[in-house]
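Student: Output the structure for:
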Amino acid sequence: MKLRFRLPAAGLALTLLLTPMAQALTPDQTIGLLDTFYIDPLPQSVREQTTISGILEALGDPYTEYFTAEELAAFNASLSDVQQVGAGLSLSLTDGGLLVNRVIPDSAAEAGGLLAGDIVTAVDDTSLAGMDLNEASALLTGQEGTTFQLTYLREGQSHTVTLTRKAFVVPTAYGELMDGHIGYLTCDVFGDETADHVAESLGTYASQADRWIMDLRGNGGGNLTAALDTISCFTGPASRLVYLMQRDNSLSAQGSKMTQLTDAPLIVLTNGQSASASELVSAALRDTGSGLLVGERTYGKGVAQVLLDEHNLPQFFPDGDALKVTTYRFFSPAGTSNDTVGVMPHLLLDQSLADEAAVLLSASEPQGSTSGMVRMDWNGAWYIDLEQACSPDYQAAFTALLEALPDGVLLRQGTGSGWEATSADALAAACSLTDYAPRGFTDTAQSPYSEEIDLLATYGVLLGAGDGTFHPTQTLTRAQLCALLAQAINCRVPTGESQFSDVSMDDWYGLAVNALASMGLVTGVGGGRFDPDAPVSHEQFITILARLGRRLDLGLIQTWQDRPDTASAEYSGYSSWAWDSVWLLAQDEEGLLWASPADIDPTAATTREEAAALTCTLLCRLNLLPSLL
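Tutor: Numbers count the residues shown, from 1 in each chain. Predicted coordinates for the structure are as follows:
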C-alpha cells in the first residue's frame, strides 16, 4: 500500500502542452515523466535505458512502478473495502488451531453464532489440523448459497453448526468495544472508505468508550486524504498535519477539515510493517499530543507518490495503465521526517505484547478511591489496575511496559484519597516480576551524560559491548560510529560488495559502514579505504551529525539553506570543511552540542559518551525520540 497524491490537471498543463497522440507509454515518455515528477534528478544510467523495466530497475526506487491496467485495478482494490463470499471469519494460526479473531458483521458466521476466541477445527468432514490459513480459507469460501458444516471449540466443548455461504464486506477499518469501555479500531489500510469507517465507529461507541486503541500494525499506507481525515477525527480541523517537499525543496502543508469526534485518550499500536500513511498518522498524533504510541518502530517510508493515469494524463495512458512516481518527501507537524528512521513509539516493546500493554494502560480514571491504581502521565493521563497488571495473564505485558518506560516519566500509585510518586522498579517488586530487567548499562552512572545514554538504551539505539557495559570514556572509532548511527536511524541493509577495500560486508560493522556511506553520511579516507579503527575527531563527528540533521528535519534544512557565506570567527579553530556544520548545530538556542563550540577541541577524539550525548540530543530535539531530557 502506498501513500498517493492526486495532481490537479491544471498543474500539468505547461509541462504537457506538446503531447503526442494517444498511444501506449513509451520509454522516452517515461523518462520525460520522471524528469518532471521524480523527487531527485535522474542519473545518466537511467537515461541510457531503452525499456520501461530497465528504466525503473536502473532508478532503483521500489516505490516508483509501472502498472498495466490489470495491475492498476488490483492496486486500487487493495485500498478499498473488499467483498467476499464465504463464512465471514478472520482467522489466525495458533498452536491450538485456527483461532477466530473476528466475526464479520452480517456474515454466515455471525448468523451461526460464532464468536471471537472460538477455535475452528473442521469444515464438513475435513479436519483443519496442520492446514495453513490459505488452505483453510479455500474450504470456507465457495459459491453463494451453498451450505457446509463448521466444527469449532468453545471453552473446550466441541460444537457443529451448518452455515450458508453469503457475501460479506471486509472493510479497510472497523471498530469494536472491549471490556465494556475500550473502543478498539483496527485499520488495515487508508483507503477511500477508511475515515468514514473510523468516524462511524467513534460515533457508535461514543457513549461507552472512555479510551480508544487504534491498531496500525501491518498497515502499509494508502491515501493521503484518508490519513489526514483519520487524524482529524482525534485532533479536530487542522491545516498543518503534514508538510510535503518537492525536488526543488518547495514546501506545502496539508490538513483536514474533519470534525473532532472524540477527546478520549488514544493509544496507537505500531510495528515494523506500519508504513507510509500509517507513519504519517502516527507521527501527527504524536506531535499534536493526541495519542500514545505503543509497540515497535515503524518501517521508515517517508516519501510519497503520485499516480499518473488516464484521469490526469489521458494522452499518456489511453489503455488504462499507470505510472506511480515518488514525488514528495513528507514531514510531520513538528517538521520531522520518518524516512528510514521510522516513527519511534513512546513505549518500545514487542508487538506480541502491545495489545495487552495497551489494555493495561486503558483502565478508566478512578472515581473516588485511587487505591489499587497506578497513574502514568505522558501525552495524557493513563491508568493501570495493579491487580490486573499483576495477574498471570498480564504479567508479561506489564513487565515489558515497565522495561520500556524511560526515566523521567511520572508514575504515581493510588493511596485511596490521592496519589504518591512511585517507580518502575517499585511496581515490578510489588508484582514480583522476576523477569523484569531495566534497559541500561552497569558502568554509566558516573557519566555526565548518563541520562542521554540511558534514554538511547531504552529505545534500543545503544547496544553496548554485549556484557551489560558501555565503556563511556573510551574513544569512538569510525566503525563504532557507523554502528551507533545505523542503529539510531534504522538503516536499510545494503547488498553487493563493500564500497571500501578495508571493510568486509562480513565484518561486524560492514553493513553499517556501507549503509551510512550509501546515504552520504560518511565517506572514506581516500584510496578506496575507510580506516574503520581510526578515532573520530570532534569536528568529524559534528559534521556527520549535521548531515543527519539536514536529512531529517525541516528546520535544519531551511537553516542550512540560509547559512551565511562565511562562518563566524569563533569557528576558526575548526577545519574549513567543518565550519558550516558547526555553525548549523550551534544555532539551536537550547544547545545541540555538548558544549559551546569554543570549548570543544576540534581535533580531539570523540568519546563514546560524547557521541551518545549529541546523538540523543539531536534525535530528541527533532522529535525522533520521545524527549524527556
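Student: Show me the helices in the stretch 401-550 of the chain, by range?
Tutor: 424-430, 450-458, 478-489, 510-518, 538-552 (DSSP state H, counting those that start in this stretch).
Student: Export these to TSV and append columns for mean neighbour count and mean pLDDT.
Tutor: For the C-beta atoms, the positions are set from N, CA and C on the backbone; glycine is no exception. TSV is the format used below for these (neighbours: other C-beta atoms under 10 Å; pLDDT from 0 to 100):
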stretch	mean neighbour count	mean pLDDT
helix 424-430	16	97
helix 450-458	23	95
helix 478-489	22	94
helix 510-518	22	95
helix 538-552	22	95
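Student: so which of those helices gets nearest P626?
Tutor: helix 450-458 (8.8 Å; C-beta to C-beta).
Student: got the angle for that closest one vs helix 478-489?
Tutor: In terms of direction (axes from the mean of the first three to the mean of the last three C-alpha atoms, to 10 degrees), helix 450-458 departs from helix 478-489 by 70 degrees.
Student: Just the CA coordinates for helix 450-458, please, in CSV.
Tutor: C-alpha atoms of helix 450-458 as CSV (Å, rounded to 0.1, in the frame of the first residue of the first chain):
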residue,chain,number,x,y,z
SER,A,450,24.2,9.2,31.9
GLU,A,451,20.6,10.4,31.2
GLU,A,452,21.3,10.6,27.4
ILE,A,453,22.9,7.1,27.4
ASP,A,454,20.0,5.6,29.4
LEU,A,455,17.4,7.1,27.1
LEU,A,456,19.2,5.7,24.0
ALA,A,457,19.5,2.3,25.7
THR,A,458,15.7,2.3,26.5
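Student: Show me what that helix is packed against.
Tutor: helix 608-621 (3 or more C-beta pairs under 8 Å, 6 or more residues apart in numbering; DSSP states H and E).
Student: How far does the helix it packs on sit from its chain's centre?
Tutor: For helix 608-621, the separation from the chain centroid amounts to 21 Å (computed by C-alpha atoms, centre = their mean, to the nearest Å).
Student: relative to helix 450-458, how tilted is that helix?
Tutor: 70 degrees.
Student: Show me the contact partners of helix 608-621.
Tutor: 444, 447-449, 452-453, 455-456, 461-462, 470-476, 480-481, 484-485, 488, 536, 538, 541-542, 545, 548-549, 585, 588, 590-594, 625-627, 629 (C-beta atoms under 8 Å, 6 or more residues apart in numbering).
Student: hmm, try it at 6 Å
Tutor: 447, 449, 452-453, 455-456, 472, 474, 476, 488, 545, 549, 592, 594, 625, 627, 629 (C-beta atoms under 6 Å, 6 or more residues apart in numbering).
Student: From the centroid of this structure, which residue is nearest?
Tutor: For the chain, the residue nearest the mean C-alpha position is T298 (2.4 Å; C-alpha atoms, centre = their mean).
Student: Dump the lengthiest strand in the chain to CSV, restricted to CA.
Tutor: The single longest strand within the chain, with elements called by DSSP state E, is strand 322-331. Only the C-alpha atoms of strand 322-331 are listed here, as CSV (Å, rounded to 0.1, in the frame of the first residue of the first chain):
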residue,chain,number,x,y,z
ALA,A,322,-0.4,4.0,-15.0
LEU,A,323,2.9,5.1,-13.6
LYS,A,324,3.3,5.7,-9.9
VAL,A,325,6.2,8.1,-9.2
THR,A,326,7.9,9.1,-6.0
THR,A,327,7.4,12.9,-6.0
TYR,A,328,7.4,14.2,-2.4
ARG,A,329,9.2,13.8,0.9
PHE,A,330,6.8,14.3,3.8
PHE,A,331,7.4,15.7,7.3
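Student: ok and that strand relative to helix 538-552, angle-wise?
Tutor: 130 degrees.
Student: So what are the sheet partners of strand 322-331 and their directions?
Tutor: Strand 322-331 has the following strand partners under DSSP bridges: strand 65-67 (antiparallel), strand 238-245 (antiparallel), strand 303-308 (antiparallel).
Student: nearest to G272, of those?
Tutor: Between G272 and the strands paired with strand 322-331, the tightest spacing by C-beta to C-beta is seen for strand 303-308, at 17.5 Å.
Student: Just the buried positions in the closest one, please.
Tutor: V303, A304, Q305, V306, L307, L308 (16 or more other C-beta atoms under 10 Å).
Student: How far does that strand sit from its chain's centre?
Tutor: Taking C-alpha atoms, centre = their mean, the mean C-alpha location of strand 303-308 is offset from the chain mean by 19 Å.
Student: before we move on, what about stretch 141-152?
Tutor: On the basis of C-alpha atoms, centre = their mean, stretch 141-152 sits 39 Å off its chain's mean C-alpha point.
Student: Just the terminal-to-terminal distance for stretch 507-525.
Tutor: Taking C-alpha to C-alpha, to the nearest Å, the first and last residues of stretch 507-525 lie 18 Å apart.
Student: start the count at 639, not 1, going forward
Tutor: That works, and once the first residue is 639, the last one we named lands at stretch 1145-1163.
Student: For T832, find the nearest of the helices of the stretch 1039-1188 of the chain.
Tutor: helix 1176-1190 (27.9 Å).
Student: Nearest to G841, out of the helices of the stretch 1039-1188 of the chain?
Tutor: Closest approach to G841 among the helices of the stretch 1039-1188 of the chain (C-beta to C-beta): helix 1062-1068, 36.5 Å.
Student: List of residues touching that closest one?
Tutor: L1040, L1043, Y1074.
Student: which residues does the nearest residue to A1242 once chain neighbours are set aside contact?
Tutor: Using C-beta to C-beta, 6 or more residues apart in numbering and skipping residues adjacent in sequence, the residue nearest A1242 is H1176, 5.6 Å away. Neighbouring residues of H1176 by C-beta under 6 Å, 6+ apart: I1238, P1240, A1242, T1244.
Student: Can you pull the phi and psi angles for the nearest residue to T785 once chain neighbours are set aside?
Tutor: Closest residue to T785 apart from its sequence neighbours, by C-beta to C-beta, 6+ apart: T802 at 5.0 Å. In terms of degrees, to the nearest 10, the main-chain angles of T802 are phi -110, psi 120.
Student: Could I get the pLDDT score of T802?
Tutor: Listed pLDDT for T802 reads 96.
Student: now it: how far from T789?
Tutor: 16 Å (C-beta to C-beta, to the nearest Å).
Student: hang on, the earlier thing: which one of the strands paired with strand 960-969 lies nearest to V1141?
Tutor: V1141 lies closest, by C-beta to C-beta, to one member of the strands paired with strand 960-969: strand 941-946, at 28.2 Å.
Student: Now do I851: how many residues are near it, please.
Tutor: Number of residues near I851 (other C-beta atoms under 10 Å) recorded here: 26.
Student: ok, and it, which helix or strand is that part of?
Tutor: strand 849-853 (DSSP states H and E).
Student: Mind listing what's buried along that strand?
Tutor: By 16+ other C-beta under 10 Å, the buried positions in strand 849-853 come out as R849, W850, I851, M852, D853.
Student: need the contact list for the third one.
Tutor: Contact criterion C-beta under 6 Å, 6+ apart gives Y822, I905, A996 as the residues in contact with I851.
Student: so what's it scoring on pLDDT?
Tutor: pLDDT, I851: 98.
Student: Okay, and the beta partners of it?
Tutor: Per DSSP bridges, the residues bridged to I851 are Y822, I905.
Student: how close does it sit to A996?
Tutor: 5 Å.
Student: any common contacting residues for those two?
Tutor: The contact sets of I851 and A996 overlap at I905 (C-beta under 6 Å, 6+ apart).
Student: What are the contacting residues of the host helix or strand of S728?
Tutor: Using DSSP H and E, S728 falls within strand 727-732. Identification of contacts with strand 727-732 by C-beta under 6 Å, 6+ apart yields L736, L737, V738, N739, R740, A747, L771.
Student: ditto for stretch 1032-1040
Tutor: Stretch 1032-1040 is contacted by residues L987, L991, E994, A995, Q1026, A1027, A1062, A1066, L1071, D1073, Y1074 when judged by C-beta under 6 Å, 6+ apart.
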